[in-house]
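Asks: Just need the structure, nothing else, for what follows:
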Amino acid sequence: IVVLGAIAVALGWRVPVGGALFGGVTLLLDRPFRIGDWVRIRDYEGQVHGLTLRTTRIMTRDNEWVSIPNKDVAGATVVNLTAGATLRLNVPLPLAYAERVPEARALLLKVMAEHPKVEADPAPVVLVREVNESNLELIMRFYVSDENVKAYPVLTMQLREAAKEALQDAGLAAPYPRQWIYRVDGTPTAPETR
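Replies: Predicted structure coming up:
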């Protein structure tokens, strides 16, 4: 009733509300997020702090307040990061071909188990995502609770650093680019780093 009354008043005054107002009505009916949810809308990611008939207001991780016109929100893909209670994250790590994956996996699982913001259930895993020309790409896959979604960029950086140190302490090498140089007679020389 309030929404219809606002539309009637706006039309009666011939206020140019257009898409923003109807976008707000669409969001109120569709409810892709609630106040307090962490969302990604176009180039913005943050926590929803307000929804009016004209704008959606979010606060980013850098404490920037952003007001997005509802017509833009209604026409965009909205990713709700907290609607599922936990958020799955993947942290990629390179590993040299010569190293053993089971040994690296055991170290990385220990790194994730020791971080207080990594959920134990579902259990973290370490997988080989790609076999590239010069290395293997592992991923540390884990979940964080909706309360820790705000901190997930820092959390992934902390895990990447801890993983690097753990692999290095165990003597597991990270890959480095190699380049083979062939002489005119076709004989290869030793590989050199770029």
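
Asks: could you pull out the helices for the chain?
Replies: Ranges of helices within the chain are 2-13, 18-30, 70-74, 101-114, 152-169, based on DSSP state H.

Asks: Quick one: low-confidence residue ranges for this structure.
Replies: Scanning the chain for pLDDT under 70 picks out 1-30, 177-180, 186-194.

Asks: Give the full set of residues in contact with V125.
Replies: Residues in contact with V125 (Cβ atoms under 8 Å, 6 or more residues apart in numbering) are L109, R141, F142. Backbone N, C-alpha and C define where each C-beta goes, glycine included.

Asks: Relative to T55, which of those is nearest.
Replies: Nearest to T55, judged by Cβ to Cβ, of those is F142 at 34.9 Å.

Asks: sorry, back to before: tell me the one of the contacts of V125 nearest R34?
Replies: Nearest member of the contacts of V125 to R34, counting by Cβ to Cβ, is F142, at 25.3 Å.

Asks: so what's that closest one bridging to?
Replies: Beta bridges link F142 to L89 when assigned by DSSP bridges.

Asks: what's the burial count for it?
Replies: Counted by other Cβ atoms under 10 Å, the residues lying close to F142 total 27.

Asks: Can you verify my assumption that D72 contacts R42?
Replies: Yes - the pair formed by D72 and R42 meets the contact definition of Cβ atoms under 8 Å, at 7.0 Å.

Asks: Comparing these two, which shows the higher neighbour count?
Replies: Taking neighbours as other Cβ under 10 Å, D72 and R42 compare with D72 leading, 15 against 12.

Asks: What's the separation between that one and L53?
Replies: Counting by Cβ to Cβ, to the nearest Å, the gap from D72 to L53 is 14 Å.

Asks: what's the closest non-adjacent residue to I35?
Replies: V48 (5.5 Å; Cβ to Cβ, 6 or more residues apart in numbering).

Asks: ok now do the one you found, which residues does it touch?
Replies: For V48, the contacting residues are F33, R34, I35, G36, D37, W38, V39, T56, R57, I58, by Cβ under 8 Å, 6+ apart.

Asks: residue contacts, the fifth one?
Replies: So the one you mean is D37. Q47, V48, N80, L81, T82, A83.

Asks: same thing but at 10 Å, please
Replies: G46, Q47, V48, I58, V78, N80, L81, T82, A83, D146, V149 (Cβ atoms under 10 Å, 6 or more residues apart in numbering).
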